[in-house]
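Starting from these lines, generate the structure:
(one chain, ligands or ions: 1)
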Amino acid sequence: MGAPLRLGIAGLGTVGAAVLRLLAQNGDLLAERAGRAITVSAVSARHRGRDRGVDLQGFRWYDDPMALAADPEVDLVVELIGGADGPALALCQAALEAGKPVVTANKALLAHHGAALARLAEAHGVTIGFEAAVAGGIPIVKILREGLAGNRISRIYGILNGTCNHVLTTMRESGRDFDDVLAEAQRLGYAEADPSFDVDGIDAAHKLALLAALAFGCPPDFDSVYIEGIRHVSPLDIAFATEMGYRIKLLGVGRRTEHGLEQRVHPSMVRIGTPISQVEGVFNAVVAEGDQVGATLFAGRGAGGGPTASAVVADIADIARGASLPALGVPSSALQDLPPAPMERHYGAYYFRLMVVDQPGVLADVAACLREHEVSIESLIQRARNPLEPVPIVLTTHETFEAQMTGALARIAALPTVLEPPRMIRIETL
Ligand SMILES: NC(=O)c1ccc[n+]([C@@H]2O[C@H](COP(=O)([O-])OP(=O)(O)OC[C@H]3O[C@@H](n4cnc5c(N)ncnc54)[C@H](OP(=O)(O)O)[C@@H]3O)[C@@H](O)[C@H]2O)c1
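Modelled structure (predicted):
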């Protein structure tokens, strides 16, 4: 056995405490696998007196996490504070500059500063591991960087936020609306008190930017991700989706197109029966489509202390064994900027729902707007007749450019018989 690898852990919340628990429970097994013991020298968090359910005796305590980077008895810094900037960024920079590898679960940090941190790590001959930052316990970073290294990836997509998937699953199963289900999820601890990062798609977009970087060899480019959350998904749309053979999922999709790199997070309709449609509740899943392997799906728990600690410790074990892969799969000098594909050039099929006054001629007017923008109808559902009452009309289209679809919907929204803004959901062809 080699000399122990000594950790300094910053952040002792859900993930930090779970890492300490995992090391206490499975430390022997891990030492065998890594070929050396993994020990904790020092820790840091904000509130020293807080009960974290783990024994901190024997670890040096620092109020200031920056001290971990300077501590000569810390070989590797584990950053579990969170946040795209602030102390998390400063600590990672200081550790790398001191020639210490970093392991982090921080997707916001990597999505914004991933390329710069990868460059800094290389300049100091160390690496930065972020397995836990994408899809929690699913080892998708390793899969993309190592397992699928021989493949050209054409598309990568996934259910990247367990809170959203839980809310959408519960809405479908119970028929309840978004606000009601979200409030319950908050009470049960499945959603944060401030849920906006999750339900507005930001968290999934952070993860997508990292997946796209690994899949396509480009720097993470969070600012180019098109983002739409799930707040506007209604029980009515979920019921129509089921009737038409679809599930609604918040997907993150990265795809090479002739117009550039498409990165988008939005509610998507996926055919019932496809593997991704069966991923329910808090589970995450990622599908990578490689030119040699075809489509591969990886599913599991995307958050929570145990699954996230599992991924953090996998990175620690790799570093303990001496592995030092480029953080983003290729040396940072080989990362290629890919032009972002504008959303107007997205080519796909669409579902949309209108609430209209039930009177003769409405459908003909809608069809005329679609014809004007060269959008062709694939299917149509028109519900019970209640003369002069609002009724839903639901249509799906054949594949078309997004610009044509939005143009047609703008015209449709202006029709006097259309009572509410149209609801549009993209259909993902799998
Ligand atoms: N929770 C998950 O399921 C999950 C899953 C995947 C990835 N992640 C990522 O893992 C990271 C940590 O998440 P978490 O859920 O464990 O967060 P958390 O429970 O809020 O814990 C954050 C920890 O950081 C400490 N901290 C905050 N500011 C600090 C500062 N200035 N100096 C030192 N310590 C500071 C806090 O100290 P106090 O405890 O003393 O307040 C706390 O222990 C985030 O990047 C998150 O995105 C989380």
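
And for whichever residue of the stretch 251-400 of the chain sits closest to the ligand, the neighbour number?
Using C-beta to the nearest ligand atom, the point where the stretch 251-400 of the chain gets nearest to the ligand is A303, with a distance of 3.4 Å. Quick note: C-beta positions are derived from backbone N, CA and C, even for glycine. If you count neighbours by other C-beta atoms under 10 Å, A303 ends up with 23.

What residues does it make contact with?
A303 is in contact with 136, 162-163, 282, 284, counting by C-beta atoms under 8 Å, 6 or more residues apart in numbering.

redo that, cut-off 6 Å
136, 162 (C-beta atoms under 6 Å, 6 or more residues apart in numbering).

I'd assumed it was in a strand, is it?
No - using DSSP: H, G, I helix; E, B strand; the rest coil, the assignment for A303 is coil, not a strand.

Let me know whether A285 touches V279 as I believe.
Yes - if you go by C-beta atoms under 6 Å, A285 and V279 touch, sitting 4.2 Å apart.

what is the mean pLDDT for stretch 46-61?
Averaging pLDDT along stretch 46-61 gives 96.

Need the residues touching each of A285 and V279.
Taking C-beta under 6 Å, 6+ apart as the contact rule, the neighbours common to A285 and V279 are 159, 299.

The ligand contacts on the protein?
The chain has residues 10-16, 44-47, 50, 65, 80-82, 87, 105-107, 132, 136, 303-304, 308 near the ligand, with proximity defined as C-beta under 6 Å from any ligand atom.

buried residues in the one helix or strand E184 maps to?
Element membership for E184, per DSSP states H and E: helix 178-188. Neighbour-count burial for helix 178-188 flags 178, 181-182, 184-185 (criterion: 16 or more other C-beta atoms under 10 Å).

And the residue of the stretch 251-400 of the chain closest to the ligand, how far from T127?
Using C-beta to C-beta, to the nearest Å, A303 is found at 24 Å from T127.

which residue packs closest to the residue of the chain found nearest the ligand, ignoring adjacent ones?
The chain approaches the ligand most closely through G13 (1.9 Å), counting by C-beta to the nearest ligand atom. Distances taken as C-beta to C-beta, 6 or more residues apart in numbering place L80 nearest to G13, at 7.0 Å, with adjacent residues excluded.

So what's the residue count around the one you found?
L80 has 28 nearby residues by other C-beta under 10 Å.

Then A108?
Other residues close to A108 by other C-beta under 10 Å number 22.

so what's it closest to, chain neighbours aside?
A84 (4.0 Å).

Same check on M343?
M343's closest residue in space is Y226 (C-beta to C-beta, 6+ apart), at 4.8 Å.

Next one, pLDDT for the one you found please.
pLDDT at Y226 comes out at 98.

Looking at the buried residues of helix 178-188, which is nearest Y351?
Comparing the buried residues of helix 178-188 against Y351 with C-beta to C-beta places F178 closest, at 17.5 Å.

Spit out the contact partners of G229.
G229 touches 199-201, counting by C-beta under 6 Å, 6+ apart.

which of those has the most neighbours?
G201 (27 neighbours).

Verify the contact between it and R264 for me.
No - the pair G201 / R264 is not scored as a contact, 9.5 Å apart, by C-beta under 6 Å.

Low-confidence regions, the protein specifically.
384-385 (pLDDT under 70).

burial count for the closest residue to A70 other than its chain neighbours?
Leaving out its chain neighbours, the residue that sits closest to A70 by C-beta to C-beta, 6+ apart is A98, at 6.8 Å. When neighbours are counted by other C-beta under 10 Å, A98 registers 16.

Many thanks, I have nothing further to ask.
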